[in-house]
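Engineer: model this:
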Amino acid sequence: MSLNKFMHEENVFKKPPDFKDLALRYPEFRKHTILDISGKVLLDFKDPDALRTLSKILLLDEFDLRVEIPVTCLIPTIPSRLNYLLWLKDLIQSLPEEQKDVHGLDIGTGASAVYCLLAAKHLGWNMLGTEVDADNFTVAKENVSRNNLQSKIGIIRVDGDQILDAATWPTQDSTSMFHFTMCNPPFFVRESPEDNGPVPSKECEIKTQGGEVKFIKQMADQSCNIKNRVKIFSTLCGHKSSLVPIKQYLTALGVKSLATTEFCQGKTMRWGIAWTWDQLDLNSVKSLKYKKSKEKPFNWSIKVSNTSALNLFQSIKTWLAEVKVDVTVQKETKHYCSARIVSYDQLWQNQRKRRRQNRQDKTEKQNDAKGESEEGKFSELNSNSSNDTNSMAEASLMQELLNSDGNRMVNSFLMDHHSKDSSKPNSNPTQEQNQVMPEADNTAGEETSSGENGTKETTSGKNETEETSSGKNGTEEMFSSKKEAQLEANIKLRLAGPVLLLEIFYLGGQLGRDGVHQLLQYLKNKQAAKIKTN
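Structural biologist: Numbering: from 1, shown residues only. This is a model prediction of the structure:
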């Protein structure tokens with residue numbers, strides 16, 4: 001399915017380019033096209049030469065930019081590059097004061113210097129581009145000169161670890177302010193055997209040590225050193241899975257605001273992350289895809305008999321409580337229920353793994369307890385009868401062996417010792433019970449855990465309470481106070497003819513709409529298990 005409908009409203013490529021028209025006007029492009037029987041002009045998108053020519057023609061035709069793209073370098077996709085710049089334009093326009101002279105920093109500008117060229121030519125911005133590769137640096141400077149944009153674009157050479165190092169900036173920029181930084185980082189881990197297909201590229205353009213997550217975390221760390229020099233930091237992400245760890249890392253660093261967006265083009269989607277150290281609300285800028293999909297709920301039709309919306313709603317509240325989801329009930333009637341849910345964890349994920357780990361932990365505890373009960377009796381006898389004679393110990397041990405019936409052994413000496421201690425005036429019955437029957441506490445803790453979703457954290461609630469009462473250190477308190485909601489949503493459950501309809505409306509949170517989908521699947525699994533049990 002084409003994602004062009006979600007492209008930025010100001011993107012000139014929201015309406016796909018007319019290949020037939022381009023082929024008629026540009027012979028160098030025409031030689032890469034074919035004409036099908038219906039008269040439609042087609043382009044082979046798997047041919048690197050065709051893609052490279054297309055990018056050069058689009059830059060020339062729409063922006064009057066003449067750009068050289070070496071055959072060994074990454075080929076920029078012009079519509080998606082323009083999407084990124086237009087998102088930055090929206091973020092800049094959200095600043096409290098009007099920005100007439102915009103300055104931006106492009107990290108890793110590449111041989112084409114496409115971001116710098118588009119920003120200067122199409123948006124009128126002033127740009128500084130950095131580049132680590134010597135050949136790319138030379139070609140980028142030539143592309144700037146070829147388009148007579150030296151007065152608006154500067155290109156500098158930096159080392160690989162100098163992502164945001166102000167010391168490398170030219171003298172005229174060393175004390176100036178940047179409105180934004182932007183980056184198209186290497187997406188892949190350098191050690192991974194990723195096959196990048198027929199599209200040519202240099203390793204420094206697509207691979208880095210630790211992948212894009214480590215690269216962006218390093219960028220975030222360096223942004224702390226120049227927080228007063230840049231208003232908005234931003235980067236592109238090639239993998240959706242990178243969003244959550246990066247957002248969590250930025251939150252832990254203490255950024256004032258952060259925002260994400262989607263860049264849609266054709267069948268490809270990329271993601272953008274922006275953060276700031278100023279008192280700005282970056283979340284006020286929403287992508288078109290976000291606006292169109294925000295109100296679309298996740299639906300689940302449940303065929304039930306002899307029950308009501310209220311009865312099922314009670315079960316849903318119980319299931320949500322098991323995974324530590326806070327539920328604020330808004331309305332509860334027989335045929336309609338609604339609530340606001342907020343979660344600061346994501347315990348509904350990896351349920352099978354959690355149940356498997358929980359079973360293994362219980363088995364290990366049972367084996368350890370059994371081993372202690374069989375091997376520890378004589379040691380207990382010795383520790384509790386230090387003042388008795390060896391003959392008394394041997395006699396007691398013999399009595400214990402004579403009174404054993406397989407799995408139970410009566411230690412008369414231990415029972416006698418316990419009865420003497422319990423007669424003391426300062427004895428604590430509760431404490432003694434815990435000492436004599438350690439397995440009972442564990443069993444009770446397991447029974448009160450969250451059913452099949454019980455985890456180590458839930459089972460060890462007593463220890464967590466004791467830790468909380470004893471106080472945390474300053475670092476833990478600072479981190480917990482900045483903990484952001486993983487998921488916020490509204491849920492509605494109503495009778496809809498022969499079925500009950502559950503709707504979950506995503507509101508926010510770091511997990512995004514994927515988190516809602518996973519939570520809904522968790523509820524479906526719980527309902528299926530309930531039906532199977534009944």
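Engineer: now do stretch 120-134, average pLDDT.
Structural biologist: The predicted model gives stretch 120-134 an average pLDDT of 93.
Engineer: and the end-to-end length of that stretch?
Structural biologist: The first residue of stretch 120-134 is 23 Å away from its last residue (Cα to Cα, to the nearest Å).
Engineer: try stretch 142-161
Structural biologist: Note: stretch 142-161 ends 25 Å apart using Cα to Cα.
Engineer: in that stretch, what's buried?
Structural biologist: Neighbour-count burial for stretch 142-161 flags Asn143, Val144, Asn147, Leu149, Lys152, Ile153, Gly154, Ile155, Ile156, Arg157, Val158 (criterion: 16 or more other Cβ atoms under 10 Å). For glycine as for every other residue, the C-beta is placed from the backbone atoms N, C-alpha and C.
Engineer: report the two of these separated the most.
Structural biologist: Between all members of the buried residues of stretch 142-161, the longest pairwise span (Cβ to Cβ) is found for Asn147 and Val158 and amounts to 22.7 Å.
Engineer: nearest to Asp361 among the buried residues of stretch 142-161?
Structural biologist: Nearest to Asp361 among the buried residues of stretch 142-161, with distances taken as Cβ to Cβ, is Val158, at 50.0 Å.
Engineer: before we move on, the earlier item: could you tell me which of the buried residues of stretch 142-161 belong to helices?
Structural biologist: Under the assignment DSSP state H, the buried residues of stretch 142-161 contribute Asn143, Val144 to helices.
Engineer: which one of the buried residues of stretch 142-161 is nearest Glu68?
Structural biologist: Nearest to Glu68 among the buried residues of stretch 142-161, counting by Cβ to Cβ, is Asn143 at 6.0 Å.
Engineer: could you measure the closest one against Asp514, distance?
Structural biologist: Using Cβ to Cβ, to the nearest Å, we find Asn143 at a distance of 39 Å from Asp514.
Engineer: how about Gln521?
Structural biologist: When Cβ to Cβ is applied, the distance between Gln521 and Asp514 equals 11 Å.
Engineer: same question for Asn283.
Structural biologist: Distance, Asn283 to Asp514, using Cβ to Cβ: 18 Å.
Engineer: where does pLDDT dip in the protein?
Structural biologist: Judged by pLDDT under 70, the chain has its weakly predicted residues at 1-3, 167, 171-176, 187-207, 287-295, 351, 354, 370-483.
Engineer: for it, which residue is closest to the average position?
Structural biologist: The centroid of the chain falls nearest to Val244 when counting by Cα atoms, centre = their mean (1.4 Å).
Engineer: how many neighbours does the nearest residue to Cys237 once chain neighbours are set aside have?
Structural biologist: The spatial neighbour of Cys237 that comes closest, neighbours along the chain excluded (Cβ to Cβ, 6 or more residues apart in numbering), is Trp271 at 4.3 Å. Neighbouring residues of Trp271 were enumerated by other Cβ atoms under 10 Å; the total is 19.
Engineer: quickly run through the sheet partners of the particular helix or strand that has Trp271 in it, with directions.
Structural biologist: Applying DSSP states H and E as the criterion places Trp271 in strand 268-276. Here strand 268-276 is paired, per DSSP bridges, with strand 230-237 (antiparallel), strand 257-265 (antiparallel).
Engineer: after the first one, next one along is what?
Structural biologist: Stepping forward along the backbone from strand 230-237, the first helix or strand reached (DSSP H and E) is helix 243-253.
Engineer: for that following helix, buried residues please.
Structural biologist: Going through helix 243-253 with 16+ other Cβ under 10 Å, the ones that come out buried are Leu243, Val244, Ile246, Lys247, Leu250, Thr251, Leu253.
Engineer: distance check, the last one against Leu243.
Structural biologist: The one in question is Leu253. Separation of Leu253 from Leu243 (Cβ to Cβ): 16 Å.
Engineer: the fifth one now?
Structural biologist: Distance check for Leu250 against Leu243: by Cβ to Cβ, it reads 11 Å.
Engineer: what touches both of those two?
Structural biologist: With contacts defined as Cβ atoms under 8 Å, 6 or more residues apart in numbering, the residues adjacent to both Leu250 and Leu243 are Ile273.
Engineer: which parts of the stretch 101-250 of the chain are helices?
Structural biologist: When assigned using DSSP state H, counting those that start in this stretch, the helices of the stretch 101-250 of the chain occupy the ranges 114-122, 134-146, 203-206, 211-223, 243-253.
Engineer: packing partners for the last one?
Structural biologist: Put plainly, it is helix 243-253. Using 3 or more Cβ pairs under 8 Å, 6 or more residues apart in numbering; DSSP states H and E as the contact test, the elements touching helix 243-253 are helix 211-223, strand 257-265, strand 268-276.
Engineer: now with 10 Å, please.
Structural biologist: Using 3 or more Cβ pairs under 10 Å, 6 or more residues apart in numbering; DSSP states H and E as the contact criterion, the neighbours of helix 243-253 among helices and strands are helix 211-223, strand 230-237, strand 257-265, strand 268-276, helix 474-481, helix 512-533.
Engineer: return that helix as CSV; C-alpha atoms alone will do.
Structural biologist: Below are the C-alpha coordinates for helix 243-253, written out as CSV (Å, rounded to 0.1, in the frame of the first residue of the first chain):
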residue,chain,number,x,y,z
LEU,A,243,12.4,4.4,19.0
VAL,A,244,11.7,3.1,22.5
PRO,A,245,15.3,2.6,23.7
ILE,A,246,16.2,6.0,22.3
LYS,A,247,13.2,7.8,23.9
GLN,A,248,13.9,6.1,27.2
TYR,A,249,17.6,7.2,27.1
LEU,A,250,16.7,10.8,26.3
THR,A,251,14.1,10.8,29.1
ALA,A,252,16.8,9.5,31.6
LEU,A,253,19.1,12.3,30.4
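Engineer: angle of it against strand 268-276?
Structural biologist: Counting by axes from the mean of the first three to the mean of the last three Cα atoms, to 10 degrees, helix 243-253 lies at 0 degrees to strand 268-276.
Engineer: what does helix 243-253 rub up against?
Structural biologist: 212-214, 216-217, 219-221, 223-224, 233, 235, 237, 255, 257-260, 271-275, 277, 346, 478-479, 482-484, 486, 509-512, 514-515 (Cβ atoms under 10 Å, 6 or more residues apart in numbering).
Engineer: among the residues you listed, the buried ones, what's the ChimeraX command?
Structural biologist: Filtering the contacts of helix 243-253 down to the buried ones (16+ other Cβ under 10 Å) takes a single ChimeraX command:
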select :212,213,216,217,219,220,223,233,235,237,255,257,258,259,260,271,272,273,274,275,277,346,486,509,510,511,512,515
